[in-house]
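# coordinates only, no sequence provided:
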């Protein structure tokens, strides 16, 4: 039974996955369905965490919208995630950036990797 589930999950993986890490500022292009229309909406923010698990891999992106912190968790291999663009690379020393939730303004920034 376990082999059957693994084979089904392997078929659902995307061929090419965008490369990004925790701390990066990304622009996620996600499909939004409104009635009978479908459009692509962009959500830009900092990657807070990546939870690995085969085709169940998810990543959480946080942004500040009108002074309110908004977090959205996206499934990486979902057909609703069109693409993920990396705006800038971040330099962090943690796998999960939960401490950013308590910070406001410049304290909530992540250092940028300069190449």
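Arrived safely. Here the structure is a predicted model, which means the values were calculated and not measured.
# so what are the sheet partners of the longest strand along the chain and their directions?
Secondary structure of the chain per DSSP state E: the longest strand is strand 37-51. Here strand 37-51 has these sheet partners by DSSP bridges: strand 25-34 (antiparallel), strand 58-65 (antiparallel).
# from these, which stretch is densest packed?
Ranked by mean neighbour count, the strands paired with strand 37-51 are led by strand 58-65 with a mean of 17 (mean count of other CB atoms under 10 Å). In short, each C-beta sits where N, CA and C put it, glycine included.
# in this structure, what spans have low per-residue confidence?
1 (pLDDT under 70).
# any idea which residue sits dead centre in it?
In the chain, the residue lying closest to the centroid (CA atoms, centre = their mean) is residue 59, at 4.0 Å.
# what about the closest residue to it other than its chain neighbours, how many residues nearby?
What sits nearest to residue 59 in space, not counting adjacent residues and going by CB to CB, 6 or more residues apart in numbering, is residue 50, at 4.7 Å. By the criterion of other CB atoms under 10 Å, residue 50 has 15 neighbours.
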